[in-house]
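S.K.: Return atomic coordinates for the entry below.
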Amino acid sequence: MSSSDNNAKPVRDEDAFDVDALSAWLAERGEGPVTEVQQFRGGASNLTYLVRTASSDGQSRDLILRRPPSGKKAAGAHDMGREHGIQAALAPVFPYVATMIGHEPDESVLGSEFYVMEKVPGQILRQDLPEPVAPEVADALCQRVLDVLVALHSVDVSAVPELAALGKGEGYVGRQVRGWIRRLDGSRTDDTGDWSDVLAWIEEHQPADTGQVLIHNDYRLDNLVLDDDLGVRAVLDWELATVGDPLMDLSSMIAYWVEADDDELFQLFRRQPSNAPGMWTRREWVDRYCAATGHAPSERDLVFYEVFGLFRLAVIAQQIWYRYVHKQTTNESYALLGQVVSYLEQRCRRLIGEAA
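M.R.: Next up is the predicted model:
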């Protein structure tokens, strides 16, 4: 497998910043001057840049800069200090995080707050595998990805004050349900569907928390850095991480997991090679996770986790669609997100009907 993960492109005009100001900021932290900046185009939330610097011995060093998007943002979202702090606190107890360089809360430096971390070398799997692999290799990859998720959920949060402070106690599922409904209401556009029957079902069928652990909340293949043998080197994008119900982490993960026999429209959503021969199905992910952790959710609760994951994904898409509709971003890759939200609404409704 190729070890290249560089899908970075020239920085979009609307996402540009003062490179000289960044060089000065990095110099205060012992880093060399910036020689090149590119932008990763895969993400749909925070903006991510590849920053290449020069060292005193003439060698280049690659860093990653993260900053929030422009336009309307959900309350509490895109908190760079929080994302930086979680990774810094995790590093001594969970080996799959990048090394942090620093966080800057002062928006006057680059026009927004931001943080910088070391770039972890390796590959990030996108929509398709760079080259075919045997089914047993894909199966082994899924097992490694599961092992890292179980390791994350096994972190002793109480032993790390910065992580323990993320917890709000029991009732995580209920807070998530209420919070994501508020986010939908706050980002509606003229074409937003009714959703009322889906939301009523979600509210009525929410289960009690199954535990309080550190969860990533956006755990999927394209947020992992892999080595040449498809082992996990690092987990990226900790924006939504918190302390909560571990099965809600599984809920968000399987929402993105598009299988080979899913319908044509859902195939258009695929951002990771989850359809390759040997990759686990959504049900296999649930069953193997539960076997590894001892959780035993009911069949009704499993429907809730799948429906809620899709609803949550729809709200994320709707928030970005809102920014696009109101011309807060000109990124044309967002032009179809209104249709994505509509499809996910129908998919939720179909799952609920099948479970009735």
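
S.K.: The nearest residue to Gly244 once chain neighbours are set aside - how many residues pack around it?
M.R.: Closest residue in space to Gly244, ignoring its immediate chain neighbours: Tyr172 at 3.7 Å, by C-beta to C-beta, 6 or more residues apart in numbering. The way it works is simple: take the backbone N, C-alpha and C, and place the C-beta from them, glycine included. For Tyr172, the number of neighbouring residues by other C-beta atoms under 10 Å comes to 22.

S.K.: mind listing what Tyr172 touches?
M.R.: If you count contacts by C-beta atoms under 8 Å, 6 or more residues apart in numbering, Tyr172 has them with Asp209, Gln212, Val243, Gly244, Asp245, Met248.

S.K.: Return the member of the residues you listed nearest to Ile101.
M.R.: Proximity to Ile101 was ranked across these by C-beta to C-beta; first place goes to Val243, at 25.4 Å.

S.K.: The closest residue in space to Ser56 that isn't next to it in sequence in helix, strand or coil?
M.R.: The spatial neighbour of Ser56 that comes closest, neighbours along the chain excluded (C-beta to C-beta, 6+ apart), is Gly32 at 6.9 Å. When the structure is split into helix, strand and coil by DSSP: H, G, I helix; E, B strand; the rest coil, Gly32 lands in coil.

S.K.: can you list the weak-confidence ranges in the protein?
M.R.: Counting by pLDDT under 70, the chain has low-confidence residues at 1-6, 42-45, 71-78.

S.K.: Pick out the residue nearest the middle of it.
M.R.: Relative to the mean C-alpha position of the chain, the nearest C-alpha, by C-alpha atoms, centre = their mean, is the one of Asp218, at 3.3 Å.

S.K.: doesn't Ser252 make contact with that one?
M.R.: Yes - assessed by C-beta atoms under 8 Å, Asp218 is found in contact with Ser252 at 6.3 Å.

S.K.: before we move on, what SS does the residue at the greatest distance from the centre of the chain have?
M.R.: When distances are taken from the C-alpha mean of the chain, Asp57 lies farthest, 36.0 Å away, according to C-alpha atoms, centre = their mean. Following three-state DSSP, the label given to Asp57 is coil.

S.K.: Quick check: buried residues in the helix or strand where Ala314 lies?
M.R.: Under the criterion DSSP states H and E, the helix or strand holding Ala314 is helix 299-325. For helix 299-325, the neighbour count (16 or more other C-beta atoms under 10 Å) marks 301-325 as buried.

S.K.: number of nearby residues for Asp185?
M.R.: Other residues near Asp185 come to 12 when the count uses other C-beta under 10 Å.

S.K.: Among the contacts of Tyr172, which one is most surrounded by other residues?
M.R.: Gly244 (25 neighbours).

S.K.: contacts for stretch 51-65?
M.R.: 22, 26, 31-37, 48-50, 98, 101, 114-119.

S.K.: Among those, which lie within strands?
M.R.: Residues of those located in strands (DSSP state E): 34-37, 48-50, 101, 114-118.

S.K.: Strands of the protein, start to end?
M.R.: 8-9, 34-40, 47-54, 60-67, 100-104, 114-118, 213-215, 224-226, 232-235, 242-244.

S.K.: Thank you kindly, that will do.
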